[in-house]
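Undergrad: Here's my sequence, what's the structure:
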Amino acid sequence: MFPASSRPGRAGSPFVVAASLLVAAAVAGCAAPGRSSNQTVDIVTEPAGAVADLSDGTVCTTPCAVTLPRETSQLVKMRAPNCDPLFAGIYPDYGPDANFFASYFTPDSYYLVPRAVRASLACRS
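TA: Below is the predicted model of the structure:
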């Protein structure tokens, strides 16, 4: 028979420790941050208070944040009284996330470019 300290399968034995480490590593991989199918994009204009019309029908007053599907393109029309309208595009790109920590744990995927739309409208006084 085995002495009490060297019995296989006992807590503290090298086999149990190695198996526990493997299970912990596998579970840690499952806990990696996921990636939503949507992304928030900030829209900021100078002057503030402009209306931003997106091609999907979303309308907001700047500064604002809109949540958009990562895999679709959007055209943003920004307009304000006595200002020329200005257009900007938001489009999906494919690759690693710019956030190093997130990209380390998640595969390449779609993300929207730019992450923030910043525009200066040409206004007449």
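
Undergrad: From Tyr91, how far out is Thr61?
TA: Thr61 sits 23 Å away from Tyr91, going by Cβ to Cβ, to the nearest Å. (C-beta placed from N, C-alpha, C; glycine too.)

Undergrad: Could you work out the end-to-end span of stretch 115-125 for me?
TA: 31 Å (Cα to Cα, to the nearest Å).

Undergrad: how about it: buried residues?
TA: 117, 119, 121 (16 or more other Cβ atoms under 10 Å).

Undergrad: Outside of that stretch itself, which residues are in contact with it?
TA: 39, 41-47, 50, 52, 76, 78-80, 82-86, 88, 90, 98 (Cβ atoms under 8 Å, 6 or more residues apart in numbering).

Undergrad: Filter those down to the buried ones and hand me the PyMOL line.
TA: If you want just the buried ones from the contacts of stretch 115-125 in PyMOL, going by 16+ other Cβ under 10 Å, the selection is:
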select buried, resi 39+41+43+44+45+50+52+76+78+80+83+86+88+90
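
Undergrad: In strands only, show me the contacts of stretch 115-125.
TA: Among the contacts of stretch 115-125, DSSP state E puts 39, 41-46, 52, 76, 78-79, 86, 88, 90 in strands.

Undergrad: and those residues as JSON lines, adding pLDDT and distance to Leu68?
TA: Putting the ones in strands among the contacts of stretch 115-125 into JSON lines (pLDDT from 0 to 100; distance: Cβ to Cβ, whole Å) gives the following:
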{"residue": "Gln39", "pLDDT": "92", "distance to Leu68": "6"}
{"residue": "Val41", "pLDDT": "96", "distance to Leu68": "6"}
{"residue": "Asp42", "pLDDT": "97", "distance to Leu68": "11"}
{"residue": "Ile43", "pLDDT": "97", "distance to Leu68": "11"}
{"residue": "Val44", "pLDDT": "97", "distance to Leu68": "16"}
{"residue": "Thr45", "pLDDT": "97", "distance to Leu68": "18"}
{"residue": "Glu46", "pLDDT": "96", "distance to Leu68": "22"}
{"residue": "Ala52", "pLDDT": "98", "distance to Leu68": "12"}
{"residue": "Val76", "pLDDT": "97", "distance to Leu68": "10"}
{"residue": "Met78", "pLDDT": "98", "distance to Leu68": "16"}
{"residue": "Arg79", "pLDDT": "97", "distance to Leu68": "19"}
{"residue": "Leu86", "pLDDT": "97", "distance to Leu68": "19"}
{"residue": "Ala88", "pLDDT": "97", "distance to Leu68": "13"}
{"residue": "Ile90", "pLDDT": "96", "distance to Leu68": "7"}
